[in-house]
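Undergrad: pasting the sequence and the predicted model now:
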Amino acid sequence: MSITITAFERSPDGGKGLARDTRVRWALEEVGQPYDVRYVSFQAMKESAHLRLHPFGQIPTYEEGDLVLFETGAIVFHLAEQHPGLLPTDAHARASAIAWMFAALNSVEPSILELVVAKFQEGDKPWSKERVPLVMDRIRLRLGQLSTRLGDADWLDGAFSAGDLMMVSVLLRTRPSGILDEFPNLAAYVARGEARPAYQRAFAAQWAANTGQLAG
Ligand code: GTB
């Protein structure tokens with residue numbers, strides 16, 4: 001069954017890989033599934049054809065036969081369940097890897113997104129100068145806790161899993177702020193994720209699309 005995802009026609013990050021199609025591409029590459037990409041403009045995302053796939057008018061979406069998914073957590077989880085490579089077979093280890101996926105999306109990503117909003121969507125508001133350092137401190141708190149848990153391990157809980165894929169994807173978004181470098185073991189963890197061949201292929205594909213060098 002062929003797989004089609006959607007991505008920004010032109011990502012606002014110009015190909016830095018920070019838009020959420022990258023994590024889906026990465027998961028697809030990790031499990032060795034070929035996929036097509038339909039590129040959508042901001043306007044098309046809000047039109048009925050796309051809203052049928054994604055109720056909030058966003059990317060990415062995932063189509064596989066008559067299955068339509070939105071939310072990167074659900075998409076990566078689906079891929080991890082359907083194909084070997086992203087979740088351990090042992091039941092407890094599998095549950096733990098899934099917990100890390102939720103932790104990435106529910107406990108780490110929210111304050112990172114708050115920073116993006118505070119800086120870029122509310123940067124011209126009078127409260128922004130005071131709000132940004134508060135949000136940065138909330139991110140530091142979570143990253144400090146995560147750094148302590150990771151210690152000198154390569155991955156969060158044994159072998160690389162969908163939990164790491166999601167956590168690395170979320171942490172990447174903190175790099176432009178400089179916060180990631182305050183936690184050398186997390187910076188190294190993210191670099192390990194980026195060094196994976198599957199990530200490299202995913203990054204290259206979105207880079208090609210966003211820089212006009214569409215590959216296939
Ligand atoms: N919870 C959803 C998921 O995980 O799938 C969130 C999906 C989402 O936020 N999609 C964004 C979107 O479609 C793109 S990824 N936004 C358009 C809209 O809402 O109208 C967020 C994103 C956008 C831009 C950058 N960037 O330029 O660095 C990074 C991330």
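TA: Thanks, I have it.
Undergrad: map the structural domains onto the sequence of the chain.
TA: 3-85+198-208, 91-196 (automatic domain parsing).
Undergrad: could you dump those domains into a markdown table and include mean neighbour count and mean pLDDT?
TA: Using the backbone N, CA and C atoms, a C-beta is placed for each residue, glycine as well. A markdown table is the format used below for the domains of the chain (neighbours: other C-beta atoms under 10 Å; pLDDT from 0 to 100):
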| stretch | mean neighbour count | mean pLDDT |
| --- | --- | --- |
| domain 3-85+198-208 | 18 | 97 |
| domain 91-196 | 17 | 96 |
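Undergrad: the ones you listed: which one's closest to the ligand?
TA: Among the domains of the chain, domain 3-85+198-208 comes nearest to the ligand, with 3.1 Å by C-beta to the nearest ligand atom.
Undergrad: CSV for the domains of the chain, including distance to the ligand?
TA: CSV is the format used below for those (distance: least, C-beta to the nearest ligand atom, whole Å):
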stretch, distance to the ligand
domain 3-85+198-208, 3
domain 91-196, 7
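Undergrad: kindly state the pLDDT recorded for residue 213?
TA: Looking at residue 213, its pLDDT is 71.
Undergrad: contact partners for the closest residue in space to it that isn't next to it in sequence?
TA: Sequence neighbours aside, residue 207 is the residue nearest to residue 213 in space, at 7.7 Å (criterion: C-beta to C-beta, 6 or more residues apart in numbering). Contact partners of residue 207, counting by C-beta atoms under 8 Å, 6 or more residues apart in numbering, are 15, 17, 213.
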